[in-house]
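Peer 1: fold the following, please.
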Amino acid sequence: MSTAATVPVTSELDLESEEAIETLRSVGLADLLRRSFMRFRYADGFSHSRALAFQFILTLLPGVIAVVGLARVLDQETFTAVLTGTVQDIAPGPAGSVLTQAFEQGSGESRPGGTALALGLVAAIIAGAGAMGQIERGSNRIYGVERDRPTVRKYLIATALALTAGAATVAAFVLVVFGSALGDSLGSEKDWTDIAHTVWSIGRWPLGAALVAGAVALLFRVSPNRHQPEASWLALGSIIAVTLWFAFTGLLAVYVSVSDDFGETYGPLAGFIGLLLWAFLSAVALFLGLSVAAQLEAERAGASNPSRV
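Peer 2: Here you go, the predicted structure:
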């Protein structure tokens, strides 16, 4: 895979927060976005996005197994009923029956829920660390860094990111895409009042925004194998990444809400098609935001050409 031009590392003492705005004004937002997209392309951003989407799906599958195991370990009818009700709302027909059968089988008396929980959780963490390792690889190429961190250090950091930024992103995803169905299931099981429903319907949006904003800020700061500038130089890229993520996630939420007939016709493929597309577009959003942050820093250093050639 190719690598974009190296972004010169500048000491934080030489990068005052006001200079980020001054640099943006001098370059112009349109030119900055154009060069940032060029940097994204030179770093083979679409290939890294596809790889990250694949890693996310690999993380999701054992995560579902862990949730099934958790339902069995807790041995609480309410928990399982909420999960089943949510799945039936968001994945009607054959698409939902695949997962609801898994919940029912995982909740059976003879099923070792602890084993499913442990194995699913371990596999999800390993796959999640692989996803974070892919983010490091892609961000390094965007910043023009040709070598990743040493393997042990790379995956120790990746595991920590999976347990923090990764978990926050998944939680935000659930709140934004499945929050309505989850609220209906919780309200049905817990006899929520109208006020409780309203608080949930409104509150899940700022909570999801806060989770994904914190996750993106952490990834921007830690993922590249280089000394990153202070937050003000990463803010514009972070805002763009979060905005695009919400746009793509909102589209998936609309897709979920209107795909009843499609789910009935195509079964489990309906959900996976939407999920795969969302995972890819979310990865594109992240790497595009990183490209903007990298290009802004490069402009300040006088290295506006994103190409190595």
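
Peer 1: what's the burial count for residue 151?
Peer 2: 9 (other C-beta atoms under 10 Å). Where you see a C-beta, it was placed from the backbone N, CA and C, and this is true even at glycine.

Peer 1: read off the pLDDT value for it.
Peer 2: Residue 151 is assigned 93 on the pLDDT scale.

Peer 1: then residue 191?
Peer 2: Residue 191 is given a pLDDT of 75.

Peer 1: give me the phi and psi for it.
Peer 2: phi 60, psi 50 (degrees, to the nearest 10).

Peer 1: count of residues packed around it?
Peer 2: Residue 191 has 7 neighbours, counted by other C-beta under 10 Å.

Peer 1: try residue 250
Peer 2: For residue 250, using other C-beta under 10 Å, the count is 12.

Peer 1: which residues are in contact with it?
Peer 2: Residues near residue 250 by C-beta atoms under 8 Å, 6 or more residues apart in numbering: residue 176.

Peer 1: that one and residue 119, how far apart?
Peer 2: According to C-beta to C-beta, to the nearest Å, residue 250 and residue 119 sit 34 Å apart.

Peer 1: what do you get for residue 281?
Peer 2: 30 Å.

Peer 1: and those two? Which one has more around it.
Peer 2: Shown here are residue 281 and residue 119; by other C-beta under 10 Å, residue 281 has more neighbours (19 against 15).

Peer 1: phi, psi for the residue nearest to that one when sequence neighbours are not counted please.
Peer 2: Spatial nearest neighbour of residue 281, chain neighbours left out: residue 248 (4.1 Å); criterion: C-beta to C-beta, 6 or more residues apart in numbering. The phi and psi values for residue 248, taken as degrees, to the nearest 10, are phi -70, psi -40.

Peer 1: helix or strand right after the least confident helix or strand in the chain by mean pLDDT?
Peer 2: Here the helix or strand of the chain ranked lowest by mean pLDDT, DSSP states H and E is helix 94-106, holding a mean of 51. With elements assigned by DSSP states H and E, the helix or strand that comes after helix 94-106 is helix 113-142.

Peer 1: show me what that following helix is packed up against.
Peer 2: helix 45-74, helix 151-161, helix 268-300 (3 or more C-beta pairs under 8 Å, 6 or more residues apart in numbering; DSSP states H and E).

Peer 1: if we go by neighbour counts, what in it is buried?
Peer 2: Neighbour-count burial for helix 113-142 flags 113, 116-117, 120-121, 123-125, 127-142 (criterion: 16 or more other C-beta atoms under 10 Å).

Peer 1: returning to that earlier point: can you redo the helices and strands packed on helix 113-142 as TSV with distance to residue 167?
Peer 2: What follows is the helices and strands packed on helix 113-142, written out as TSV (distance: least, C-beta to C-beta, whole Å):
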stretch	distance to residue 167
helix 45-74	10
helix 151-161	10
helix 268-300	15
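
Peer 1: any idea which of these is most buried?
Peer 2: Highest mean neighbour count among these (mean count of other C-beta atoms under 10 Å): helix 268-300, with a mean of 23.

Peer 1: tilt between that one and helix 113-142?
Peer 2: 40 degrees (axes from the mean of the first three to the mean of the last three C-alpha atoms, to 10 degrees).

Peer 1: now do stretch 297-309: distance to the chain's middle.
Peer 2: With C-alpha atoms, centre = their mean, to the nearest Å as the basis, stretch 297-309 stands 28 Å off its chain's centre.

Peer 1: dump that stretch to CSV, restricted to CA.
Peer 2: C-alpha atoms of stretch 297-309 as CSV (Å, rounded to 0.1, in the frame of the first residue of the first chain):
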residue,chain,number,x,y,z
GLU,A,297,-0.5,20.4,10.3
ALA,A,298,1.4,19.9,7.0
GLU,A,299,0.2,23.2,5.8
ARG,A,300,1.6,24.9,8.9
ALA,A,301,4.9,23.3,8.2
GLY,A,302,5.0,24.4,4.6
ALA,A,303,4.5,20.9,3.2
SER,A,304,1.2,21.4,1.4
ASN,A,305,1.8,18.7,-1.3
PRO,A,306,0.3,15.4,0.0
SER,A,307,2.1,13.3,-2.6
ARG,A,308,5.5,11.8,-2.0
VAL,A,309,6.4,12.2,-5.7
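
Peer 1: that'll do, ta.
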